[in-house]
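*Asks:* Sequence plus predicted model, see below.
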Amino acid sequence: MKSLAELDAIRDKVKNRLDLREVKEDRTRIVVGMATCGISAGARDVLVEFVKEIESRGLSGITVTQMGCIGLCSMEPIVEVHSPGMEKVIYANVTPEKADKIIAEHIIGGKPVEEFAIGAAQTGGM
Amino acid sequence: MSVRSQVLVCGGTGCTSSGSIKLIDEFENRIKEHGLENEVEIVKTGCFGLCALGPVVIVYPEGAFYSMVKVEDVAEIVEEHLLKGRIVQRLLYEESVHEGSDEIKSLNEVDFYKKQHRVALRNCGVINPEKIEEYIGRDGYRALNKALKEMTPQEIIDEIKNSGLRGRGGGGFPTGLKWQFAANSVDDQKYVCCNADEGDPGAFMDRSVLEGDPHAVIEAMTIAGYAIGSNQGYIYIRAEYPIAVQRLQIAINQAREYGLLGKNIFESGFDFDLEIRLGAGAFVCGEETALMTSIEGKRGEPRPRPPFPAVKGLFGKPTLLNNVETYANIPRIILEGADTFASIGTEKSKGTKVFALGGKIHNTGLVEVPMGTTLREIIEDIGGGIPNGKKFKAAQTGGPSGGCIPAELIDTPIDYDSLTAIGSMMGSGGLIVMDEDNCMVDIAKFFLEFTVDESCGKCTPCRIGTKRLLEILNKITDGNGTMEDLERLESLAEAIKAGSLCGLGQTAPNPVLSTLKYFRHEYEAHIVDKTCPAHVCKGVAKYEIDADKCKGCGLCAKQCPVGAISGEVKSPFSIDADKCIKCGACMDKCPFKAISK
Ligand SMILES: Cc1cc2nc3c(=O)[nH]c(=O)nc-3n(C[C@H](O)[C@H](O)[C@H](O)COP(=O)(O)O)c2cc1C
Ligand code: SF4
Ligand code: SF4
């Protein structure tokens, strides 16, 4: 160990993971439907893609979790994105390619990808 | 590996003994079975503090706090939570969930953690102590870099002085001043030592720090080496702490590999290395001069001071000795500055203190609170109160050297001076809670039996005096005491305090004196009324059969080893008090609870 820079390099490599060992409200959460319907529609690949993209782009403070069926089985894989200070956005029929785009435009760019999103209103009462 | 979920399993001694290592194996198997090994990471951490609920497992990012997890539960956690995202509600620690909803609180909102402030324990239960990278990820070894690159030894010592840090090993001596004395001594060789002997019965603070965050101690000792001009350190730890010893050795090896111990650390030209020395677990070896004699390979006996260790210590060389928890605070002080540290706590007691909470309390475990927190907050808010609706009677701090705090002083702030003022002491952090079922004479006896066993025998007042004290206590609890015995206890106690060489003898009478001060009436009850108000002391017990409750089954008579019980079946039995040897066997057997003492 010679310098602070070396120390920093090690720190930055594990920091993301350590940050996630805390429950924080102000975090962007990506939630993937992982009930039977979701899994059979390919939700696992979508989930893995999100995790990989976050890691390879070095994003921090974002969690990827799963949820059960929300009653829109025909639209699975379904993904909800909760960003602090924004309405939650629900994406339907997500594929790994769409996941990349959601990361790039919504998570990083701050603008929901309208073309994949279904309005919050549509889910009401279902 | 792109990890989305982390399963933290407590690998402290408490949870390990309730089976947490088996849980880890099971998690690994199940996670592989479902092909999740690249997304889910298992992290074996140090103690989370809530030992009573162990084994504890926390799953992030949701922060689901699962308590008392059994091997059979692991499959469900993996299949439901890790695979499908459905939290296993039945295993959640109920306190960790918002009332009326399923939402999980952050740990800081849970009652047990809310009033705690973690400085010394900041990494315990968060990182894997066997991975130096995780320690570095939490800003580890930055303080060492700062110390070596940006500060002079005197600046470091001044920073420690300004922080107001005092020794956590019991004495409460100002740490910065101690470092100054060691730095001022001129010699070709000096040593830095860490006291990890932790001999107080019921204490496990230092063990938990070493098991959960060993690098904090290594980093601090290296900083101390630079500050006082030493390049060799020793950690003296009892061999009864195998997990701590093992993790410490792993940590030392990793620090060496990274060049954080050894030659030319951070290219500063400073060399430092550390070795572990195992103690055999004698309480007296925690005393500083005995500890050093023991490291030298000799019989661990105290010697007179002066000369103080800072002048003539290990191998006759100037030596700095601090406690584990004292060291664990050092990296934070260097990194965040003395003022940040000094903003926690009270006027004369800065920072936090770790306590091992035990006895009659819901949440037995490890807690760290700002100095000045009241005993009431620790017992009621953090500890969750006394179980079974019993009444709080007293708390004992400072172990065999300390004293008790009675219920009427429950609002005493916990700091060095307040505790000394009421005849107890901070001690190293054992905190034992007692309820109405504890006899205070019996408690005094318990600690005295300990010191009688542990006295090294070098001085007569300690070796023989403590034995005589214990004999008088036994006489009292056997129902043979007289009121003069109380005065005898007091004068003997003073003589032992005055005539003993080391802290062991000087403080050994404290448990007697403090119980005499606050619970004299309990002593008197044993002497005058020949009863033990808490029904603990068998010697004054009078076993009697309540004729109204007795159904005449005769079970007790069969049980009695001396034939003291007689009677006709189906009519009440009775005990012959002259024959009864007060063994209590009959009482345990009576199905109608007709026998009392
Ligand atoms: C009988 C006896 C036992 C002691 N046991 C311990 C112990 O287990 N751990 C400890 O840190 N200090 C113990 N001490 C206090 C040490 O002598 C010494 O004051 C302390 O380690 C200094 O470190 P500190 O200034 O950081 O507290 C004991 C003292 C006596 C008299
Ligand atoms: S006071 Fe007791 S323990 Fe200490 S040196 Fe004397 S005999 Fe040994
Ligand atoms: S306490 Fe023991 S000796 Fe006394 S009556 Fe009961 S069984 Fe017999």
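*Replies:* The structure has been received and is ready for your questions. Ligands and ions are numbered 1, 2, ... in the order given.

*Asks:* going forward, measure contacts and count neighbours with C-alpha atoms only.
*Replies:* Fine.

*Asks:* where does residue 38 fall, phi/psi-wise?
*Replies:* Looking at chain A here, since you left the chain open. Backbone geometry at residue A:38, expressed as degrees, to the nearest 10, gives phi -70, psi -50.

*Asks:* surely it meets residue A:72?
*Replies:* No - taking contacts as Cα atoms under 8 Å, residue A:38 lies outside contact range of residue A:72: 9.6 Å.

*Asks:* between the two, which one's more packed in?
*Replies:* Using other Cα atoms under 10 Å in any protein chain shown, the more surrounded residue of residue A:38 and residue A:72 is residue A:38, with 27 against 15.

*Asks:* Scan the helices and strands of chain A for the one with the lowest mean pLDDT.
*Replies:* helix A:120-123 (a mean of 44; mean pLDDT, DSSP states H and E).

*Asks:* tell me the contacts of the residue nearest the centre of chain A?
*Replies:* Centroid-nearest residue in chain A, with Cα atoms, centre = their mean: residue A:30, separated by 2.8 Å. Neighbouring residues of residue A:30 by Cα atoms under 8 Å, 6 or more residues apart in numbering or on different chains: A:62, A:63, A:64, A:65, A:79, A:80, A:81, A:82.

*Asks:* What of residue B:135?
*Replies:* B:123, B:127, B:128, B:129, B:213, B:215.

*Asks:* I'd like to know which of those residues is nearest to residue B:184.
*Replies:* For those, the residue nearest residue B:184 by Cα to Cα is residue B:215; the value is 27.2 Å.

*Asks:* any low-confidence regions in the chain?
*Replies:* In the absence of a named chain, chain A is used. Applying pLDDT under 70 to chain A flags residues A:119-126.

*Asks:* you looked at the wrong chain, it should be chain B
*Replies:* Checking chain B against pLDDT under 70 turns up B:1.

*Asks:* and it, which residues reach ligand 1?
*Replies:* B:167-173, B:195-199, B:283-284, B:286-288, B:321-323, B:326, B:502-504 (Cα under 6 Å from any ligand atom).

*Asks:* circling back: state the distance from the residue nearest to the centre of chain A to residue A:78.
*Replies:* In this view, residue A:30 and residue A:78 are 11 Å apart by Cα to Cα, to the nearest Å.

*Asks:* how much space between the closest residue in space to residue B:418 that isn't next to it in sequence and residue B:94?
*Replies:* Of all residues not flanking residue B:418 in the chain, residue B:412 sits nearest, at 7.0 Å (Cα to Cα, 6 or more residues apart in numbering or on different chains). Residue B:412 is 30 Å from residue B:94, where distance means Cα to Cα.

*Asks:* and if you look at residue A:37?
*Replies:* Taking Cα to Cα, one finds residue A:37 at 31 Å from residue B:94.

*Asks:* Of these two, give the one with the bigger neighbour count.
*Replies:* residue A:37 (20 against 15).

*Asks:* Hmm, residue A:73 and the more buried one touching each other?
*Replies:* Yes - between residue A:37 and residue A:73 there is a contact at 5.8 Å, judged by Cα under 8 Å.

*Asks:* and for those two, which residues touch both?
*Replies:* With Cα under 8 Å, 6+ apart, residue A:37 and residue A:73 have no common neighbours.

*Asks:* Pull the contacting residues for the residue lying closest to residue B:441 once chain neighbours are set aside.
*Replies:* Excluding the flanking residues, the one nearest residue B:441 by Cα to Cα, 6+ apart is residue B:523, at 6.4 Å. Applying Cα under 8 Å, 6+ apart, we find residue B:523 in contact with B:441, B:476, B:516.

*Asks:* and the first one, what does it touch?
*Replies:* Residue B:441 makes contacts with B:473, B:477, B:512, B:515, B:522, B:523, as judged by Cα under 8 Å, 6+ apart.

*Asks:* Against ligand 2, how distant is residue B:179?
*Replies:* 25 Å (Cα to the nearest ligand atom, to the nearest Å).
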